[in-house]
Each structure stands twice: as C-alpha cells, then as structure tokens.
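J.: sequence first, predicted coordinates after that:
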Amino acid sequence: MPESSAPLIRFEGVTKRFADGTVAVGRLDLDVREHELLTLVGPSGSGKSTLLRMVNRLVEPTGGRVLLDGADVAGQDPVRLRRGIGYVIQNVGLFPHRTVAQNVATVPGLLEWDRRRTDERVSELLTMVGLDPAVYGRRYPHELSGGQRQRVGVARALAANPRVLLMDEPFGAVDPEGRRALQTEFRRIHDELGTTVLLVTHDIDEAVLLGDRVAVLSQGGRLEQVDAPVTVLTRPATPFVETFIGDSSVRLLSLARLGAQDVTPSAADAARSAPAVRLGDPLDRAFSALTASPEGVVPVVGADGGTVGALTLSGFHAALRRAAAAAAERR
Ligand code: ADP
C-alpha cells in the first residue's frame, strides 16, 4: 500500500441539523488520509451515515465544510462528483434487469469508455472480487446469493477506479459466514488497490478488523476518538469508547495469542535489548512489552527459549486483525 498522510477528505467543523431539529452530526473535524481505510463506528443513530453521505452530497451540511482533495464539495456538480466516488450500501441496489457485467459497467458506460476497455475492466474486477466473469458475468442479480450480490456491488463501485470509496454497512445483510469471507477479501483488495475508503459499521469487531484507523462516534455525531485499532482497544479516549468497545478489547487482546506468522525474523537484531515475549503469549502481554520498548520492537522467543525473531507494531496489527477475524467468526 502506498504511504501518504495527505488528507483526501477533510470534515471541517461539520454540522448537520435536520429540519425537525435533530442534530445528526455536531461540529465534527476529521481527516481521511489518502489510501487509508477509515472505519466510522458507533451505535445506531450516531450520525455515521449522515457523515458519509455528506461526502457525495446526498446530504448537505448545515454548518462547516467537506473538502475533497482540498476543494469544498459544495461547489461541485453532484453528478460529476459522484462519478468519481464509489458508493456501496447494504443490499447494494443492483439493477435487477441488467446482468452482472452490465451492472459493473455502469460508470464506465456513463464515462463513455470503449467496449474493449470496459469488458476488460469488468472481467478484471469480477475476478478480483472472486467471481469468475465467464460464469457470473451473464447472470442476473436474482441468480446470485446475498454475498455474491454484495461482491458485485463492490466491483461496480470500483469499476471506474474512484479515488474514494464510501461504504455504508456494506456487509451488514450478508450471513455471518459470508460476511467474514467478504471482510477478509475486501481488506486484501484494499491493500492491493490503496483506494481511500470510508466505511460505516455499527460493529466494533468489523471496525477493528478492517480499519487502518477507527473513528468512534456517539449520539449527536460527536467524534469520541480516532486512532489505530489497537489504540482504540487498549487506550479508549473517553468513557463512552470504553463502554462501546465493551469486552471486545478484552476478548481480542487476552484471548488471542501471538503466532509465528506475526513475527519478523529479520528484526531480531534490532530487538536485543528489550525483554522478550514468547510465542503463544496473550496479545495484551505482547502489547505491553511493545509499548515499553523505546524502539517499538521486542524479541520473540519460542518454546525452547531460543529467539525466533521480533515483534513490531505492524506484526502486532497483523495479530490483532487475525484476532478480530476470529472474533467475528465466533459470533
Ligand atoms: P447512523 O448511521 O449512525 O445510524 P444516521 O446518520 O442515519 O445514524 O442518523 C443520525 C440521526 O439523524 C438519527 O437520529 C436519525 O434519526 C437522524 N436522521 C437521519 N436522517 C434524517 C432525516 N432525513 N430527517 C431527520 N432526521 C434524520
């Protein structure tokens, strides 16, 4: 994934007060960095969808500004704006009388891509989301499972290579088993494409599994915390966040164990001075050791006490993702 910290989307003191007086989002400041996958998580009614929908102007703010690549979206033609922004919602809303291939080709069609380029792109995307284009391209949405329809929704949203992808509970309607597969695959797709993604979910485990960073919202569209998943779980910034994550952090950090796949063998030398952690240690122990190490790297020993490598923050994140995936599977 390309590294960059420039904000691609910036919410600047954004407020949305609906006509009936409901404040859905209250003076919120938030940056979404280019190439990151930022999850917006919070209970129902905390303004997540409203915030998301202000990016593509399905909702207009009543205060503040939403900047896309530095330009206020309020000054942009909504139709053109939306062509450059992928949008995936629960139950996708595929066109029922168009085939899967035609659905995926929607935006390239609007952009008047030629036939060959469009066909190639459709095949590439269906393959990427795990659907054989030769088999599924000619099917109609009603001939697919819920999970397959959601895959087509993702392919359609990515078709014209948007810089931004907005996803509103994209996996919410998929059965738990299919959801788990979709989450893992989507994370892989994101790592591959580096599209900037803003994803809404009410599920803290999903937020932690998918997000490079997690933004936690409470009622009134108040931003409680925005941080890396591990920080949200281990250092909740407010009592609200602490309650909202509930036993999620305990479950993840004390039940999950450090595995060989999380260890970087080549980093062992850098970690000589710190006290070691052991393969199989609970993640909360590994995390304490990691935060206590000035270099942010700790040696890892195997069952026989021999050094097998080192744990870095990115290894820890990988371990946390596995743990979140396992937690999602158990539910
Ligand atoms: P979330 O996505 O976190 O569930 P929403 O953004 O959908 O929350 O809604 C935030 C708040 O705004 C809720 O109280 C909701 O009832 C209210 N709301 C959403 N849309 C409208 C609307 N069109 N008119 C009035 N209130 C609305």
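T.: Sure thing, it's come through.
J.: for residue 288, give its distance to residue 322.
T.: 19 Å (CB to CB, to the nearest Å). Every residue, glycine included, has its C-beta placed from N, CA and C.
J.: mind checking pLDDT for residue 310?
T.: The score at residue 310 is 91. That number is its pLDDT.
J.: sorry, that was for residue 2
T.: For residue 2, the pLDDT comes out at 45.
J.: repeat that for residue 178.
T.: 77.
J.: so what's residue 165 bridging to?
T.: Beta-bridge pairing of residue 165 under DSSP bridges involves residue 86, residue 197.
J.: which residues touch it?
T.: Residues near residue 165 by CB atoms under 8 Å, 6 or more residues apart in numbering: 85, 86, 87, 88, 157, 158, 195, 196, 197, 198.
J.: who's more crowded, residue 288 and residue 322?
T.: Neighbours were counted for residue 288 and for residue 322 using other CB atoms under 10 Å; residue 322 has more, 19 against 15.
J.: surely the more buried one and residue 256 touch.
T.: Yes - at 7.0 Å, residue 322 and residue 256 qualify as touching, with contact defined as CB atoms under 8 Å.
J.: about what we covered before: what is the nearest of the contacts of residue 165 to the ligand?
T.: For the contacts of residue 165, the residue nearest the ligand by CB to the nearest ligand atom is residue 198; the value is 12.4 Å.
J.: for the closest one, what are its contacts?
T.: 9, 32, 38, 40, 52, 55, 164, 165, 166, 167.
J.: next, the last one: phi, psi?
T.: Which is residue 167. phi -130, psi 120 (degrees, to the nearest 10).
J.: what about residue 95, how many residues nearby?
T.: By other CB under 10 Å, neighbour count at residue 95 equals 13.
J.: please pick the buried ones from the contacts of residue 198.
T.: Buried by 16 or more other CB atoms under 10 Å: 9, 32, 38, 40, 52, 55, 164, 165, 166, 167, out of the contacts of residue 198.
J.: so the fifth one is in which element?
T.: Remark: residue 52 resides in helix 48-55, with elements defined by DSSP states H and E.
J.: for residue 301, see how far away residue 192 is.
T.: 34 Å.
J.: likewise for residue 129?
T.: For residue 129, the distance to residue 301 - CB to CB - is 41 Å.
J.: looking at these two, which one has more neighbours?
T.: Each of residue 129 and residue 301 has its neighbours counted (other CB under 10 Å); residue 129 has more, 21 against 17.
J.: show me where the stretch 51-200 of the chain has its helices.
T.: Listed in chain order, the helices of the stretch 51-200 of the chain (DSSP state H, counting those that start in this stretch) span 78-83, 100-104, 106-110, 115-128, 133-136, 146-158, 176-193.
J.: now those as CSV including distance to the ligand and mean neighbour count?
T.: Output for the helices of the stretch 51-200 of the chain, formatted as CSV (distance: least, CB to the nearest ligand atom, whole Å; neighbours: other CB atoms under 10 Å):
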stretch, distance to the ligand, mean neighbour count
helix 78-83, 17, 14
helix 100-104, 25, 24
helix 106-110, 25, 16
helix 115-128, 27, 16
helix 133-136, 31, 15
helix 146-158, 18, 23
helix 176-193, 18, 17
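J.: so can I have CSV of those showing distance to residue 263?
T.: Output for the helices of the stretch 51-200 of the chain, formatted as CSV (distance: least, CB to CB, whole Å):
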stretch, distance to residue 263
helix 78-83, 44
helix 100-104, 40
helix 106-110, 43
helix 115-128, 30
helix 133-136, 39
helix 146-158, 32
helix 176-193, 20
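J.: how about residue 30, what does it touch?
T.: By CB under 8 Å, 6+ apart, the neighbours of residue 30 are 10, 11, 51, 215, 223, 226.
J.: neighbour-wise, which of those leads?
T.: residue 51 (27 neighbours).
J.: that one: what's its closest spatial neighbour, skipping adjacent residues?
T.: Excluding the flanking residues, the one nearest residue 51 by CB to CB, 6 or more residues apart in numbering is residue 25, at 5.3 Å.
J.: and what of residue 319?
T.: Nearest-residue entry for residue 319: residue 262, 4.2 Å, with adjacent residues in sequence omitted and distances by CB to CB, 6+ apart.
J.: what's the answer for residue 150, then?
T.: Distance criterion CB to CB, 6+ apart; nearest residue to residue 150, sequence neighbours excluded, is residue 174 at 5.5 Å.
J.: surely residue 60 touches residue 74?
T.: Yes - between residue 60 and residue 74 a contact is recorded at 7.2 Å, counting by CB under 8 Å.
J.: how far out from the middle of the chain is stretch 207-227?
T.: 11 Å (CA atoms, centre = their mean, to the nearest Å).
J.: and it, end to end?
T.: 11 Å (CA to CA, to the nearest Å).
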